[in-house]
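[1] structural data only, the sequence is not supplied:
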């Protein structure tokens, strides 16, 4: 996405990246980035947390409107509800994100999304 954003910027289309991997995205030199300090895959907030997702999107729009210099990064104030322990666990042997419970949780979330889609809510 970083390279796509740079291409769009070079052709006159302003962009804001909402990202979790701050070091990688800043290294790519994007014009504007909203950094959300959440586990990878959650840049726009937690699944089904619509109000949180709206807040993050509003921050991105504010950055688009208010950035005054290139390579601007804003840190979102949201905090992952379980604390920062995920930062330690994601690079550990434990990797709780890959266990059977995590897979079952993913399947439940996938079904919830399908149900919401059928109801016309997403």
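    Great, that's in hand. If you're wondering where the values come from, they're calculated on a predicted model, not measured in any experiment.

[2] got any ranges where the protein has weak pLDDT?
    In the predicted model, the chain carries pLDDT under 70 at residues 90-99.

[3] the residue nearest the centre of the chain and residue 20, how far apart?
    Residue closest to the average C-alpha location in the chain (CA atoms, centre = their mean): residue 43, at 0.5 Å. Counting by CB to CB, to the nearest Å, the separation of residue 43 from residue 20 is 5 Å. Using the backbone N, CA and C atoms, a C-beta is placed for each residue, glycine as well.

[4] which residues do those two both contact?
    Listed as contacting both residue 43 and residue 20 by CB atoms under 8 Å, 6 or more residues apart in numbering are residue 36.

[5] my read: the residue nearest to the centre of the chain touches residue 36, true?
    Yes - counting by CB atoms under 8 Å, residue 43 touches residue 36, with 5.2 Å between them.

[6] shared neighbours of these two, anything?
    18-20, 56.

[7] in strands only, show me those residues.
    Judged by DSSP state E, those include 18-19 as members of strands.

[8] identify, from the shared contacts of residue 43 and residue 36, the entry nearest to residue 1.
    residue 19 (7.8 Å; CB to CB).
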